[in-house]
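Undergrad: next come a sequence and a model predicted from it.
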Amino acid sequence: MQDRLDVGEVLRQVFRIYVDQAPVLMPAAAVVFVFTGVLSTVLVSSAPGLLLVALVISFTATTLFTGMVVQLVADVRDGRRDAGARQLLRAAVPVLGPLLAVGIVAGIGVVIGFVLLIVPGLILITVWSVAAPVVVLERPPGLRALARSRELVRGNGWQVFGVIFILFILVGIVSGAIELAAESAGTGVGIVVRVIVGVLTAPLSALGASVLYFHLRGTRERETTGSESAGDGASAAKAGAGPGGEA
């Protein structure tokens, strides 16, 4: 019988890591997203035709940050963090190319899925939800990470979708409430608040994907171990049986 993903435990672990590792997550998010946000704004304001360049910069920065968060979660699984922000960045840079490739293909697929009555897009978001951790930690060739992600999610699709949906709703509620409260303070304050909200919420999706990956991989490993144990037991029973199938 297949183990079912514990949605509550995944969410608890996501927020536990978020709080415990805030001294690394928040400065890293601030450097990545504030810098790229300012650079993108300058590019677009100076020449609207540079919007595509700004989008590429933003996507690259988000992808790099996701790689750093995956490395962070892998690092703290032994109960402590050994790497700092610089080490996490160095670890994520070598897989930036594969991460971008997988992210672009997955993004195109999800957009097409949403055009096709939304449901296919939601399905692809779910089955490809742990592709980034697969790229960073398993480093499969080409786009094999998408197939590996689907393999890991198989049998736990609703649970994985539940984690994604809950995180999305929580981020939306918190962001909406803070921005609504800041609107009355003026445009300048509103911009600052949006940047702060972006920094605070940026790690959550990457943390969710990383924690999901380790839980799902653990489930697959237990299933494999259980199958091998059952196979060994059957072989032993057969070996101990007589010609007529009796021991």
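TA: Thanks, I have the structure now.
Undergrad: now do the contacts for R77.
TA: F214 (Cβ atoms under 8 Å, 6 or more residues apart in numbering). (Each C-beta comes from the backbone N, C-alpha and C, glycine too.)
Undergrad: quick one, phi psi at the most centrally placed residue in the chain?
TA: The chain has A209 as the residue nearest its centroid, 2.6 Å off, counting by Cα atoms, centre = their mean. Per-residue torsions, A209: phi -60, psi -40 (degrees, to the nearest 10).
Undergrad: you'd agree it is up against V136?
TA: No: applying Cβ atoms under 8 Å, one finds A209 not in contact with V136, separated by 10.1 Å.
Undergrad: picking that back up, report pLDDT for the residue nearest to the centre of the chain.
TA: Note on A209: pLDDT of 93.
Undergrad: now D20: closest residue in space, sequence neighbours ignored.
TA: Spatially, and ignoring its direct neighbours in sequence, D20 is nearest to V76 (7.5 Å; Cβ to Cβ, 6 or more residues apart in numbering).
Undergrad: and that neighbour, how far from G113?
TA: 33 Å (Cβ to Cβ, to the nearest Å).
Undergrad: how about V193?
TA: V193 is 33 Å from G113, by Cβ to Cβ.
Undergrad: R220 too?
TA: 25 Å.
Undergrad: V130 against F214, yeah?
TA: No: with contact defined as Cβ under 8 Å, V130 does not count as touching F214 (9.1 Å).
Undergrad: who has more neighbours out of those two?
TA: Per other Cβ atoms under 10 Å, whichever of V130 and F214 has more neighbours is V130, with 29 against 18.
Undergrad: what's the more buried one in contact with, if anything?
TA: S149, L152, V153, A209, L212, Y213, L216.
Undergrad: can you check P120 too?
TA: Going by Cβ under 8 Å, 6+ apart, the list of residues near P120 reads I112, G113, F114.
Undergrad: specify which member of the residues you listed is nearest to A91.
TA: Checking the contacts of P120 against A91 by Cβ to Cβ gives G113 as the nearest, at 31.5 Å.
Undergrad: contacts only, for that closest one.
TA: Contacts of G113 by Cβ under 8 Å, 6+ apart are V119, P120, G121, L122, I123, L124.
Undergrad: I'd like the residues you listed written out as JSON lines, with pLDDT added.
TA: Listed next are the contacts of G113 as JSON lines, based on pLDDT from 0 to 100:
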{"residue": "V119", "pLDDT": "85"}
{"residue": "P120", "pLDDT": "86"}
{"residue": "G121", "pLDDT": "88"}
{"residue": "L122", "pLDDT": "91"}
{"residue": "I123", "pLDDT": "91"}
{"residue": "L124", "pLDDT": "91"}
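Undergrad: just the strands in this structure please.
TA: For the chain, applying DSSP state E gives no strands.
Undergrad: gap between R144 and L212?
TA: 18 Å.
Undergrad: so which of the two has more stuff around it?
TA: The residue with more neighbours, out of R144 and L212, is L212; 26 against 16, by other Cβ under 10 Å.
Undergrad: pLDDT on stretch 170-183, on average?
TA: For stretch 170-183, the per-residue pLDDT averages 76.
Undergrad: list of residues touching that stretch?
TA: V189, G190, V193, R194, I196, V197, L200, T201, L204, S205.
Undergrad: coming back round to it: inside helices: which ones of the contacts of G113?
TA: V119, P120, G121, L122, I123, L124 (DSSP state H).
Undergrad: can you tell me which of those residues is closest to V102?
TA: For those, the nearest to V102 is L124 (12.5 Å; Cβ to Cβ).
Undergrad: picking that back up, anything in contact with each of A209 and V136?
TA: What both A209 and V136 touch, as defined by Cβ under 8 Å, 6+ apart, is the set V70.
Undergrad: how about the helices in this protein?
TA: Using DSSP H, helices in the chain cover 7-20, 22-46, 51-75, 85-92, 96-115, 119-127, 131-138, 144-153, 157-183, 187-239.
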